[in-house]
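Student: predicted structure and sequence below. I'll ask about it afterward.
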Amino acid sequence: MNIKEMVLEKANKAKLASRILSGVSTAVKDKALVDMAEGLLDGKEKLKKENEKDLKYAHDKGLSSALIDRLTLNDKGIEGMASGLKEIAVLPDPVGEVTHIWQRPNGLQVGKIRVPLGVVGIIYESRPNVTADAVGLCVKSGNSVILRGGSEAINSNIAIASILLNSATKAGLPDGCIQLIDITDRQAIMDMIKLDDYIDLIVARGGIDLIKTVTENSTVPVAKHSAGVCHTYVDKDADLKMAEEISFNAKVQRPGVCNAMETLLVHKDVAADFLPNMILRYKNAGVEIRGCKETKNIIPDVKEASEEDWYTEYLDLILSIKIVKDIDDAIDHIMKYGSHHSDAIVTKDYQRAMKFLKEVDSAAVYVNASTRFTDGNEFGLGAELGISTQKLHSRGPMGLEDLTSQKYIIFGNGQIRS
């Protein structure tokens, strides 16, 4: 069987299973999620053993420490995956929710009800925990899922998916509702994104090249999890101690993830007071600073930022800093160089806070908080399938409701149209 035939066979199984899964009760789905979580905990040693193979591959390939961090499965990570599944189990089931209903003058009752999308394909890189999150969210929302992870995590993904599928089918979910494409050849992606008769949505999360390939070639609708060029703007009326804590957390707490800050914008009126201690703290944490000319005038030994730096998602302990003249200058910079992911303002001024919220066109916009909170679990969604940086059909962390559509339901008592 060639790659195309293999991918088609998995998609067909997922499609058939989706019809059954859409009618499975909430109780059965929730039990399956809890059983899957327990399965991961019981298989902890196996998962770590398989993950070691991926880590060796990553080290041999010379991947960055930040990417290796995203790839690593330790006890805490496995327990986190299990916890995420259990949290999804206790969330309200969106399937079957009647969101609107109204009566027409002719007596017809017209309503809208949430239904599963059907089959969701997710194409992702590096992070094996995405496998568990994706399966959990798709199961709860009544969707079959087809997983295609990156080659660097293939052993981990196979092990996780095997445990989840075994637990799910034992709990009563239809065989075929969880599919993993275990071929690392990128041709599998090209075949997968052409199966619009079988797959209803592709979620793409990963590097710029992967996102571009998927969006340019897919005949299936795509929700793209694009780059995270995130900003924090320190306003002239910011609490500078608060700004320091937020800015440090946004960059340093976990630099290899998409919601980490990549550019710090500082109002010119507070730059001289704010930047010396802030940059010293960054340097002590191992952060390389790349600053604009005005930044270098204050701290001469920082590296001068290039035009390319403002566009760059470092995913590492590297930070660009730019001094801006006012809030409009900051917003203009974000709109030119940002990726519409997550951006924050630190200010005590209500009007400027509201202006920032209104004018910054990103999936998540913050006032006086770190961009590191852009996460399905942190937002109370249980987990996320990805963070959509586009506007249709979902934006921001994609939770259960984002994996459903709505259809009209109409109740009559014999009405006919004249």
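Tutor: Perfect, I can see it now.

Student: and this structure, what are its domains?
Tutor: The record assigns the chain these domain ranges, following automatic domain parsing: 3-226+390-411, 230-373.

Student: closest one to Gly380 among the ones you listed?
Tutor: Evaluated over these, closeness to Gly380 peaks at domain 3-226+390-411, with 8.5 Å, by C-beta to C-beta. Bear in mind the C-beta positions are built from the backbone N, C-alpha and C, glycine included.

Student: now do the end-to-end distance for the closest one.
Tutor: One end of domain 3-226+390-411 to the other measures 47 Å (C-alpha to C-alpha, to the nearest Å).

Student: from the chain's centre, how far out does it sit?
Tutor: With C-alpha atoms, centre = their mean, to the nearest Å as the basis, domain 3-226+390-411 stands 12 Å off its chain's centre.

Student: quick revisit: dump the domains of the chain to JSON lines, plus distance to Leu381, mean neighbour count and mean pLDDT.
Tutor: Listed next are the domains of the chain as JSON lines, based on distance: least, C-beta to C-beta, whole Å; neighbours: other C-beta atoms under 10 Å; pLDDT from 0 to 100:
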{"stretch": "domain 3-226+390-411", "distance to Leu381": "3", "mean neighbour count": "19", "mean pLDDT": "94"}
{"stretch": "domain 230-373", "distance to Leu381": "12", "mean neighbour count": "19", "mean pLDDT": "97"}
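
Student: JSON lines for those domains, including distance to Phe379?
Tutor: Listed next are those as JSON lines, based on distance: least, C-beta to C-beta, whole Å:
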{"stretch": "domain 3-226+390-411", "distance to Phe379": "6"}
{"stretch": "domain 230-373", "distance to Phe379": "7"}
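
Student: which stretch among the ones you listed comes nearest Gly382?
Tutor: Gly382 lies closest to domain 3-226+390-411 among the domains of the chain, at 4.0 Å (C-beta to C-beta).

Student: list the contacts of His100.
Tutor: For His100, the contact set (C-beta atoms under 8 Å, 6 or more residues apart in numbering) comprises 111-112.

Student: doesn't it lie inside a strand?
Tutor: Yes - assessed by DSSP: H, G, I helix; E, B strand; the rest coil, His100 belongs to a strand.

Student: that older thread, ok, which of the domains of the chain comes nearest Ser418?
Tutor: Closest to Ser418 of the domains of the chain is domain 3-226+390-411 (C-beta to C-beta; 9.5 Å).

Student: and the contacts of the helix or strand that contains Ala11?
Tutor: Taking DSSP states H and E as the definition, Ala11 sits inside helix 3-21. Helix 3-21 has contacts (C-beta under 8 Å, 6+ apart) with 1, 116, 118-119, 121, 139, 142-146, 173-177, 179, 181, 183, 185, 187-188, 191-192, 195, 198-199.

Student: tell me what the helix or strand just after it is packed against?
Tutor: Downstream of helix 3-21, the next assigned helix or strand under DSSP H and E is helix 26-42. For helix 26-42, the packing partners by 3 or more C-beta pairs under 8 Å, 6 or more residues apart in numbering; DSSP states H and E come out as helix 75-90, helix 129-140, helix 154-170.

Student: what are the boundaries of the helices in the stretch 201-350 of the chain?
Tutor: Along the stretch 201-350 of the chain, counting by DSSP state H, counting those that start in this stretch, helices occupy 208-217, 240-252, 268-284, 293-298, 307-311, 327-337, 350-359.

Student: dump those into JSON lines; add distance to Leu40 as well.
Tutor: Below are the helices of the stretch 201-350 of the chain laid out as JSON lines (distance: least, C-beta to C-beta, whole Å):
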{"stretch": "helix 208-217", "distance to Leu40": "26"}
{"stretch": "helix 240-252", "distance to Leu40": "29"}
{"stretch": "helix 268-284", "distance to Leu40": "37"}
{"stretch": "helix 293-298", "distance to Leu40": "46"}
{"stretch": "helix 307-311", "distance to Leu40": "38"}
{"stretch": "helix 327-337", "distance to Leu40": "39"}
{"stretch": "helix 350-359", "distance to Leu40": "39"}
